[in-house]
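> after the sequence you'll find the predicted model.
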Amino acid sequence: MQIPSCRSRLLSGNLLKAAQQLAGIVSPHVSRQSIHSTSSSSLSVSRLSAACQLARRCCQAEPVLVNLDVQQLRRVACSSYRQAQSSQGRGFAAQAFSKSGSISQHVVTRKQSTLAASMPGAASKLAPQQHRHVLTGAAAQTAGLSDRARKQIGFWLAGCSGWVFSMVVLGGMTRLTRSGLSMTDWKFTGEASPQSLADWEAEFNKYKQSPEYRKVNRSMSLEEFKFIYWMEYAHRMWGRALGFVFAVPAVYFGFRGYINLALSKNLGLFFLMGGTQGLVGWWMVKSGLQEPKTEWDTPRVSPYRLAAHLTSAFAIYSGLLWTSLNMLYPVSSAALAPAAATAGASALRRVAHPLAAIIGITAVSGVFVAGMDAGRAYNDFPYMAGQWIPDEYWAIRGWRGFFENTAAVQLHHRVLASTTLVSVLTTWVLFRGRPLPHASRQILHGLAAMTAVQVRFKTVYVTRCHFLQRVS
């Protein structure tokens, strides 16, 4: 048989007719067992046979006019055919598949024991006895979009997620330089920067009325004030600039018809979360402008509000990044991988979800450590003031002790961080030798590497603080 002739038939207009013709050509030359063959020639034939099986399933109701990319159809059909064979008659179920090409568009949704196909721009009619299935996830967000539209939106959202990441980094620098309370008022539309010496004097006089100046920075000069003011001003304006970077392209893509209903819901939610993030930030700063409870307390923002501000930033960043990956890679690499790699990816996914929860909780607990300056209280490890559990741990009873006790906050963060380290390394050891899709393996190695970098950074920080404490 001639493979090129099979390709030309598959790329013809009527998918059902092409599949029937291909099945008649290929079936005499291939057996069901050859799907597992390692021979290059028989594997190519087997994939065409599997493609015919998938095409028949997709178009069993009525013929549908559509063009398909033969290379992509081969890969998806082969993976789905193997899964169908291993399930031993429990139903044909394919992973969600979305392909938008210059000559083809095809969407397949995964449902238990059924396979529904729909072509953007053309109605896909299902048999009356079949239930109507709703697209979800990446399939829904990319349905009806061309390859060009999908990639443009994906790169745009990836850029926005990177912008949010830079916002978090800039916010951390603002926190470390103690610049967050330098601006004592907030306007939704933004504040004009001081231009003249009189403007700077006016802003400095406002800051002099704050508890932080009176209790901590009474010796601060105008030049020193300018530094912390510019840090906070840059953080605020960088966030407002992100609003334009998000909103203007969204309107453009909307007019071009690049945004479907499912994607518009996600974008609307991100815009709402971004708009309220500024309000949450001012709500946080306002708590640091209030008088401390006692004269010995250092003025600082509420750790609860700081945690809310950073957690919402994490949520926005994760949502933008996830959606951008859905747009750029609508087909999971696990869906197109061999059966062994697909099984490994499924097992890794079951472990990754609780691992992500542990990492998230650890990060939020670190916010309370930073908000209370608890990291400076105990600079030895693994002991705390020569004890596994310091006596100060029991100073505050009840649930408030978990969040407002310096010793408890740092001890809990240490335990969570150690648990995260052990969990990540255990996951890496268990799965590094198992068959995995290439993308999953790279992410697994990247997670282990970043965890090692974080531990090294923390070790250097604690050692430096301990040295400075001994010197002083």
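Cool, got the structure.
> got a list of what residue 170 touches?
234-235, 238 (Cβ atoms under 8 Å, 6 or more residues apart in numbering). Backbone N, C-alpha and C define where each C-beta goes, glycine included.
> now do it against residue 238, distance only.
The spacing between residue 170 and residue 238, counted by Cβ to Cβ, to the nearest Å, is 6 Å.
> same question for residue 272.
Taken as Cβ to Cβ, the span from residue 272 to residue 238 is 19 Å.
> of all the contacts of residue 170, which comes closest to residue 186?
residue 235 (12.0 Å; Cβ to Cβ).
> and that closest one, helix, strand or coil?
Using DSSP: H, G, I helix; E, B strand; the rest coil, the structure places residue 235 in helix.
> please shift the residue numbers so they start at 745 in all later answers.
Will do, 745 is the new start, and the previous item becomes residue 979.
> can you pull the phi/psi pair for residue 1131?
Backbone geometry at residue 1131, expressed as degrees, to the nearest 10, gives phi -130, psi 150.
> what about it, how many neighbours?
Residue 1131 sits with 13 neighbouring residues when counted by other Cβ atoms under 10 Å.
> check what pLDDT it gets.
Looking at residue 1131, its pLDDT stands at 82.
> before we move on, what about residue 1215?
Residue 1215 is assigned 61 on the pLDDT scale.
> re earlier: from the contacts of residue 914, which would you call buried?
Neighbour counting by 16 or more other Cβ atoms under 10 Å classes residue 979 among the contacts of residue 914 as buried.
> please enumerate the strands of this protein.
841-844, 849-855, 858-862 (DSSP state E).
> run through the stretch 845-994 of the chain and note the low-pLDDT ranges.
Applying pLDDT under 70 to the stretch 845-994 of the chain flags the ranges 845-880.
> in it, which spans are helices?
Using DSSP state H, counting those that start in this stretch, the helices found in the stretch 845-994 of the chain span residues 881-886, 891-920, 941-952, 955-959, 966-1000.
> burial of the closest residue to residue 1057 other than its chain neighbours, as a residue count?
Distances taken as Cβ to Cβ, 6 or more residues apart in numbering put residue 912 closest to residue 1057, at 5.4 Å, once the chain neighbours are dropped. By other Cβ under 10 Å, the residues close to residue 912 number 13.
> verify the stated contact: residue 912 with residue 1053.
No - contact criterion Cβ atoms under 8 Å: residue 912 and residue 1053 do not qualify, at 10.1 Å.
> ok, for residue 910, nearest residue in space, not its chain neighbours?
With Cβ to Cβ, 6+ apart, the residue lying closest to residue 910 is residue 982, at 7.3 Å.
> please name the residues that touch the one you found.
910-911, 914.
> can these go into TSV with extra columns for distance to residue 920?
Shown next, in TSV, are these (distance: Cβ to Cβ, whole Å):
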residue	distance to residue 920
910	15
911	15
914	11
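> take the contacts of residue 914 and write them to TSV, including distance to residue 1068.
Converted to TSV, the contacts of residue 914 look like this (distance: Cβ to Cβ, whole Å):
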residue	distance to residue 1068
978	25
979	24
982	20
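> tell me the one of the contacts of residue 914 nearest residue 1134?
residue 979 (34.7 Å).
> give me the neighbour count for residue 949.
Residues lying near residue 949 (other Cβ under 10 Å) number 10.
> mind checking how far it is from residue 942?
11 Å.
> then residue 1064?
41 Å.
> between the two, which one's more packed in?
A count of neighbours by other Cβ under 10 Å puts residue 1064 above the other of residue 1064 and residue 942, at 26 against 9.
> for the helices of the stretch 845-994 of the chain, which one ends up most surrounded?
helix 881-886 (a mean of 23; mean count of other Cβ atoms under 10 Å).
> spit out the contact partners of the nearest residue to residue 945 once chain neighbours are set aside.
In this structure, residue 945 finds its nearest non-sequential neighbour in residue 966, 7.4 Å apart by Cβ to Cβ, 6+ apart. With contacts defined as Cβ under 8 Å, 6+ apart, the neighbours of residue 966 are 944-945, 948.
> now residue 1046
1028, 1031-1032, 1115.
> among those residues, which are in helices?
Counting by DSSP state H, the part of the contacts of residue 1046 found in helices is 1028, 1031-1032, 1115.
> in a markdown table: those residues, plus pLDDT.
Putting the ones in helices among the contacts of residue 1046 into a markdown table (pLDDT from 0 to 100) gives the following:
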| residue | pLDDT |
| --- | --- |
| 1028 | 92 |
| 1031 | 90 |
| 1032 | 89 |
| 1115 | 85 |
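> which single one of those is nearest to residue 1083?
Taking Cβ to Cβ as the measure, residue 1083 sits nearest to residue 1115 out of the ones in helices among the contacts of residue 1046, at 48.7 Å.
> ok, the closest one to residue 1109 distance?
To residue 1109, residue 1115 is 11 Å away according to Cβ to Cβ.
> residue 973 - nearest residue in space that isn't next to it in sequence?
Leaving aside its chain neighbours, residue 973 sits nearest to residue 926 (4.6 Å; criterion: Cβ to Cβ, 6+ apart).
> contacting residues for that neighbour?
Counting by Cβ under 8 Å, 6+ apart, residue 926 touches 951, 969, 972-973, 975-976.
> switch to 10 Å and redo it
918, 947-948, 950-951, 954, 956-957, 961, 964, 969-977, 1029 (Cβ atoms under 10 Å, 6 or more residues apart in numbering).
> how about residue 986?
Residue 986 touches 904, 907-908, 910-911, 1018, 1021, 1060, counting by Cβ under 10 Å, 6+ apart.
> if we go to 6 Å?
Residue 986 makes contact with residue 907, according to Cβ atoms under 6 Å, 6 or more residues apart in numbering.
> residue 1082 now?
By Cβ under 6 Å, 6+ apart, the contact set of residue 1082 is empty.
> so how far is residue 1105 from residue 996?
Distance from residue 996 to residue 1105, by Cβ to Cβ: 39 Å.
> typo on my end, residue 1182
Counting by Cβ to Cβ, the gap from residue 1182 to residue 1105 is 30 Å.
> between the two, who's got more neighbours?
Comparing residue 1182 with residue 1105 by other Cβ under 10 Å, the one with more neighbours is residue 1105, at 15 against 10.
> ok, and the closest non-adjacent residue to the more buried one?
Nearest to residue 1105 is residue 1160, by Cβ to Cβ, 6+ apart, at 6.2 Å.
> what is the neighbour count of the one you found?
By other Cβ under 10 Å, the residues close to residue 1160 number 18.
> tell me if I'm right that it and residue 1106 touch.
Yes - assessed by Cβ atoms under 6 Å, residue 1160 is found in contact with residue 1106 at 4.2 Å.
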